[in-house]
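Undergrad: how would this look folded up:
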Amino acid sequence: MIYQVICLKKKILRSTKHLNIVMSLNLSDDNNQKVKKMSEESYEGIPRNKIDWHPIINYEKCVSCGKCVDFCHVKSFGYKDIHGKKKTIVQNLNACVVLCRGCEDICPVGAITHPSEEETQKLIEKLKQDKV
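TA: Numbers count the residues shown, from 1 in each chain. Sure, this is the predicted structure:
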């Protein structure tokens with residue numbers, strides 16, 4: 001079954017082969033904070049720090065344009081000043097909404113990837129079974 005995932009505040013629609021959190025495009029800041037807190041603490045009842053899902057920046061491609069920083073509603077990305085130059089960084093690994101890949105689509109140079117979606121799905125299922 002194919003589900004549609006809508007990333008907050010942006011009109012990016014991505015077809016995926018997994019069930020993810022489907023969110024409204026027009027949430028208030030209070031609701032944004034709740035989504036961020038939820039994505040950092042747990043995913044489907046599994047502690048978020050047990051799920052290896054976060055953006056990976058290829059610095060050989062990255063031009064630090066900031067589109068990912070502006071796009072990400074949970075503030076996974078930020079900037080760091082390195083030798084007087086602003087560099088895009090992943091500032092909070094666990095903030096990334098599990099299985100969201102919207103930043104990959106928004107990156108103009110294809111510098112962002114994530115761990116294997118298939119392997120992450122398998123890990124989530126294993127963690128769910130271990131919990132029972």
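Undergrad: For stretch 45-57, list the C-alpha coordinates in CSV.
TA: C-alpha atoms of stretch 45-57 as CSV (Å, rounded to 0.1, in the frame of the first residue of the first chain):
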residue,chain,number,x,y,z
GLY,A,45,6.0,4.1,21.0
ILE,A,46,9.7,3.4,20.4
PRO,A,47,12.3,5.7,22.1
ARG,A,48,13.6,7.9,19.3
ASN,A,49,17.2,7.4,20.2
LYS,A,50,16.9,3.7,19.3
ILE,A,51,16.0,4.6,15.7
ASP,A,52,18.9,5.6,13.5
TRP,A,53,17.1,8.1,11.2
HIS,A,54,18.6,11.5,10.5
PRO,A,55,19.9,13.6,7.6
ILE,A,56,23.4,13.1,6.3
ILE,A,57,25.1,16.0,4.5
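Undergrad: List the buried residues of it.
TA: Buried residues in stretch 45-57, defined by neighbour count with 16 or more other CB atoms under 10 Å: Ile46, Arg48, Ile51, Trp53, Pro55, Ile57. In short, each C-beta sits where N, CA and C put it, glycine included.
Undergrad: now stretch 101-114
TA: Arg101, Gly102, Cys103, Glu104, Ile106, Cys107, Ala111, Ile112, His114.
Undergrad: mind listing what's buried in stretch 118-132?
TA: By 16+ other CB under 10 Å, the buried positions in stretch 118-132 come out as Thr120, Leu123, Ile124, Leu127.
Undergrad: what does it contact?
TA: His18, Tyr43, Glu44, Gly45, Ile46, Lys50, Ile51, Asp52, Trp53, Val98, Leu99 (CB atoms under 8 Å, 6 or more residues apart in numbering).
Undergrad: And the strands in the chain?
TA: 3-6, 13-16, 42-43, 46-47, 56-57, 77-82, 85-90, 112-113 (DSSP state E).
Undergrad: Contacts for the last one, please.
TA: Which is strand 112-113. For strand 112-113, contacts defined as CB under 8 Å, 6+ apart pick out Pro55, Ile56, Ile57, Asn58, Cys68, Cys103, Glu104.
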